[in-house]
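Enquirer: Let's see this in three dimensions:
(one chain, ligands or ions: 2)
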Amino acid sequence: MTQAVANRPMTELAEKIRAGSQPAIARGLTVVERRSAAASELLADLWKHSGHAHVLGVTGPAGSGKSTLVTRMAKGCTARGSKVAIIAVDPSSAYSGGAILGDRIRMTELAEDREIYIRSMASRGATGGLSRAVLDGISLLDAAGFDVIILETVGVGQAEMDVMSVAHTVLVVSVPGLGDDIQAIKAGLIEIADIHVVNKADRPGADLTYKQLRESLRLAHREAGSWNVPIVKCVAATGEGVAELLDKSEKHQRWMKDHGGLREVERRNAATRIRWAAEVLISEQLRAGDAGFDSAVNSLIAREIDPRTAADHLLRAMTRPHTDQKEKTDA
Ligand SMILES: Nc1nc2c(ncn2[C@@H]2O[C@H](COP(=O)(O)OP(=O)(O)O)[C@@H](O)[C@H]2O)c(=O)[nH]1
Ligand SMILES: [Mg+2]
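Expert: Ligands and ions are numbered 1, 2, ... in the order given. Take a look at the predicted model:
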């Protein structure tokens with residue numbers, strides 16, 4: 001299958017993705033996950049057709065009910081007329097064999113909902129690889145015409161933070177009864193939340209968690225005119241509070257649009273992508289085994305030069321105008 005996908009012209013695949021074909025979307029996401037040259041080609045075709053979807057990030061500790069909540073939200077968005085895609089960035093993602101898969105009724109509901117597309121992306125390789133694959137996955141789904149893309153991540157690690165930085169609206173999920181501290185604060189998530197969710201509000205201690213969150217928001221520094229972060233109590237298991245959550249999310253989306261927030265996220269996203277693409281281009285050139293690189297390696301081992309200076313010299317040599325461009329090598 002790898003070969004078949006790799007040999008097919010990416011332009012053709014991109015067209016099918018844009019037409020919304022689910023098999024094509026699935027194939028495209030696999031290409032993107034493999035981080036091959038074909039992935040760059042595919043993204044080059046899709047990029048100009050993206051930029052329309054609203055990206056919702058949902059993060060919080062494992063077991064807080066994120067997948068359950070995301071399922072409810074996705075169905076709610078669909079009922080409000082949006083096409084929804086879900087990307088779960090979680091190796092233990094409930095969509096691929098945990099709670100929700102075990103919960104036949106809800107999974108069946110989702111599976112029959114052709115408006116909702118679900119994909120899990122787990123980190124197999126490098127940390128950077130995962131966040132890049134997820135960002136490209138978002139662009140792909142965006143170009144495929146999904147109006148809302150919901151990202152589920154466990155709120156730990158740099159990769160998850162990178163992923164959350166591209167979300168237009170970030171929901172941080174807390175639950176009562178995980179000790180005195182609010183998990184969001186412990187995990188350093190308080191400042192990235194646009195909306196706080198106290199899930200499992202059917203459990204004792206939900207009011208306390210709510211109050212603690214409210215207090216920490218009150219104490220947090222807030223610039224004048226900035227978004228007033230709401231706290232919403234939910235019972236994802238029954239769907240209670242989810243409509244309010246979607247209302248707040250829509251309100252945030254409008255606020256972002258009116259206050260230049262969307263543009264800011266787009267700028268950050270674009271800057272990240274250019275930086276990443278440049279890194280790939282540079283390292284492709286550096287590993288080409290040319291004489292300059294080999295001699296820099298030797299100088300470094302001989303302690304004649306330090307790594308940063310060596311890299312600086314190589315980059316300068318690389319960007320000299322008369323330097324021949326090397327042929328693009330496949331990753
Ligand atoms: N009591 C209660 N349990 C919930 C609620 N939402 C989710 N759960 C349960 O919490 C467990 C973890 O849910 P899951 O959605 O997989 O959490 P995730 O790891 O954050 O994605 C599952 O057994 C859910 O059925 C809720 O609102 N109340
Ligand atoms: Mg989950």
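Enquirer: Grab the nearest non-local neighbour of residue 52.
Expert: Spatial nearest neighbour of residue 52, chain neighbours left out: residue 142 (6.2 Å); criterion: C-beta to C-beta, 6 or more residues apart in numbering. Where you see a C-beta, it was placed from the backbone N, CA and C, and this is true even at glycine.
Enquirer: surely that neighbour meets residue 47?
Expert: No: because the distance of 9.5 Å does not satisfy C-beta atoms under 8 Å, residue 142 is recorded as not touching residue 47.
Enquirer: In terms of neighbours, single out the busier of the two.
Expert: The neighbour comparison of residue 142 against residue 47 (other C-beta atoms under 10 Å) goes to residue 142, with 21 against 16.
Enquirer: how close does the more buried one sit to ligand 1?
Expert: 23 Å (C-beta to the nearest ligand atom, to the nearest Å).
Enquirer: Ok, residue 232 next?
Expert: 12 Å.
Enquirer: Give me the three-state assignment for that residue.
Expert: strand (DSSP: H, G, I helix; E, B strand; the rest coil).
Enquirer: same check, this time on residue 223
Expert: coil.
Enquirer: Now do the host helix or strand of the residue nearest to residue 52: which elements does it pack against?
Expert: Taking DSSP states H and E as the definition, one finds residue 142 inside helix 127-143. In terms of contacts (3 or more C-beta pairs under 8 Å, 6 or more residues apart in numbering; DSSP states H and E), helix 127-143 is packed against helix 10-18, helix 22-34, helix 37-46, strand 84-89, strand 148-154, helix 157-164, helix 261-286.
Enquirer: okay, the ones you listed in a markdown table with distance to ligand 1 and mean pLDDT next?
Expert: Output for those, formatted as a markdown table (distance: least, C-beta to the nearest ligand atom, whole Å; pLDDT from 0 to 100):
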| stretch | distance to ligand 1 | mean pLDDT |
| --- | --- | --- |
| helix 10-18 | 27 | 94 |
| helix 22-34 | 20 | 91 |
| helix 37-46 | 27 | 91 |
| strand 84-89 | 8 | 90 |
| strand 148-154 | 6 | 91 |
| helix 157-164 | 13 | 76 |
| helix 261-286 | 24 | 88 |
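Enquirer: Tell me which of these lies nearest to residue 203.
Expert: strand 148-154 (20.1 Å; C-beta to C-beta).
Enquirer: counting contacts, what elements does the closest one pack onto?
Expert: strand 54-60, helix 66-79, strand 84-89, helix 127-143, helix 157-164.
Enquirer: how about 10 Å then?
Expert: strand 54-60, helix 66-79, strand 84-89, strand 116-120, helix 127-143, helix 157-164, strand 169-174, helix 242-258 (3 or more C-beta pairs under 10 Å, 6 or more residues apart in numbering; DSSP states H and E).
Enquirer: roughly how far is the last one from the heart of the chain?
Expert: Relative to the chain's own centre, helix 242-258 is displaced by 19 Å; criterion: C-alpha atoms, centre = their mean, to the nearest Å.
Enquirer: Would you tell me whether that helix gets close to ligand 1?
Expert: No: for helix 242-258, no contact with ligand 1 is found by C-beta under 6 Å from any ligand atom; the gap never falls below 9.9 Å.
Enquirer: Show me what that helix is packed up against.
Expert: Secondary elements touching helix 242-258 (3+ C-beta pairs under 10 Å, 6+ apart): strand 54-60, helix 66-79, strand 148-154, strand 169-174, strand 195-198, strand 231-233, helix 261-286.
Enquirer: Need those in TSV (columns: distance to residue 301 and mean neighbour count).
Expert: Formatted as TSV, the helices and strands packed on helix 242-258 follow (distance: least, C-beta to C-beta, whole Å; neighbours: other C-beta atoms under 10 Å):
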stretch	distance to residue 301	mean neighbour count
strand 54-60	43	26
helix 66-79	48	23
strand 148-154	40	26
strand 169-174	45	27
strand 195-198	52	27
strand 231-233	57	19
helix 261-286	16	14
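Enquirer: Residue 9 is nearest to which of these?
Expert: helix 261-286 (21.3 Å).
Enquirer: Which of the residues in the following helix or strand past that closest one are classified as buried?
Expert: Using DSSP H and E, the next helix or strand after helix 261-286 towards the C-terminus is helix 291-301. By 16 or more other C-beta atoms under 10 Å, the buried positions in helix 291-301 come out as 293, 296.
Enquirer: That'll do, ta.
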